[in-house]
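Q: no FASTA, just this:
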């Protein structure tokens, strides 16, 4: 068993080629500061601009903070496995399955995880599910290209926009309910976070107002729901996590209806990790500091078996 030491050589990977590059850099800088504050002496930031980045010689652990394309879709993980380098978070296969929301849905259904009804259509095609519905690209994160369509007249523009991100579009029934998220570390659910967007829904603008100029969101953690609802939401989230065989950590997005039914939307295998992000908020509510969380992720990942 490998031991994480204060002088373990860690390459902190951030940036990447996807639409979430700025968010990734923010997460990376947050983790860099946290690890250094915890006394780690050999943490090297690596700004990733290509699919075969140069990893510093002697690296013992790659700390992956690349959100979205390449960092979260299995590409980076496969490359690091090829190099024989340990890395943080989910493995290559799990990452692929979680990043592609169409594939994720199949695992949810097979695992009897409660999730909204959906259909997959070709880019440019009109859905058969009635409005209101949700239009989303299958392989983007941070709600990029996502539209809640309440009027049929809005469908063409929503489909056209989502079509810019790939050949397929995932269409889901619209579920009205509280927007919740459950951080899971090493298979255990942390306190539930209730996300309260100040305007619209939880898109890039409301997630990262300082980066994208939105009005932001408010967060309640532990969520303002009953103990029974909390248990149901956490159980659904853990079931989703297990259905996809997620390793180390992840964040599961859930909607909770007024009558207490949870619906799982997706799993984020590289969730935001700035000090103000949702995963650290949940950890804090569980008595785990930001620095301790970043350290624990590194510890568990260092000994995680890889394909």
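A: Right, received. Where do you want to start? Note that the coordinates shown come from a computational prediction; the quantities given were computed from them, not determined experimentally. Numbers count the residues shown, from 1 in each chain.
Q: low-confidence ranges in the chain?
A: 141-142, 199-215, 307 (pLDDT under 70).
Q: quick one, domains of it?
A: Residue ranges for the domains of the chain, per automatic domain parsing: 10-89+296-302, 98-114+176-288, 118-173.
Q: Switch the ones you listed over to JSON lines; also include distance to residue 3 and mean neighbour count.
A: In short, each C-beta sits where N, CA and C put it, glycine included. Shown next, in JSON lines, are the domains of the chain (distance: least, C-beta to C-beta, whole Å; neighbours: other C-beta atoms under 10 Å):
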{"stretch": "domain 10-89+296-302", "distance to residue 3": "8", "mean neighbour count": "20"}
{"stretch": "domain 98-114+176-288", "distance to residue 3": "17", "mean neighbour count": "19"}
{"stretch": "domain 118-173", "distance to residue 3": "33", "mean neighbour count": "17"}
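Q: what's the closest of those to residue 4?
A: Closest of the domains of the chain to residue 4 is domain 10-89+296-302, at 4.7 Å (criterion: C-beta to C-beta).
Q: What's the end-to-end length of the closest one?
A: One end of domain 10-89+296-302 to the other measures 11 Å (C-alpha to C-alpha, to the nearest Å).
Q: Centre of the chain to it, how far?
A: Averaging C-alpha positions (C-alpha atoms, centre = their mean, to the nearest Å) puts domain 10-89+296-302 15 Å from its chain's average.
Q: And for stretch 124-140?
A: On C-alpha atoms, centre = their mean, the centre of stretch 124-140 falls 21 Å from the chain's centre.
Q: Offset the numbering so it begins at 122, please.
A: Will do, 122 is the new start, and the previous item becomes stretch 245-261.
Q: Test my guess that residue 415 contacts residue 395.
A: No. Checked against C-beta atoms under 8 Å, the pair residue 415 and residue 395 is beyond contact range at 11.3 Å.
Q: For the most centrally placed residue in the chain, give the beta-bridge partners.
A: What sits nearest the mean C-alpha location of the chain, by C-alpha atoms, centre = their mean, is residue 389, with 2.1 Å. Note on residue 389: beta-bridge partners by DSSP bridges are residue 372.
Q: and what of residue 169?
A: In this entry, residue 169 is beta-bridged to residue 136, by DSSP bridges.
Q: Which one, of the domains of the chain, ends up nearest to residue 123?
A: The nearest among the domains of the chain, by C-beta to C-beta, is domain 131-210+417-423 at 5.0 Å.
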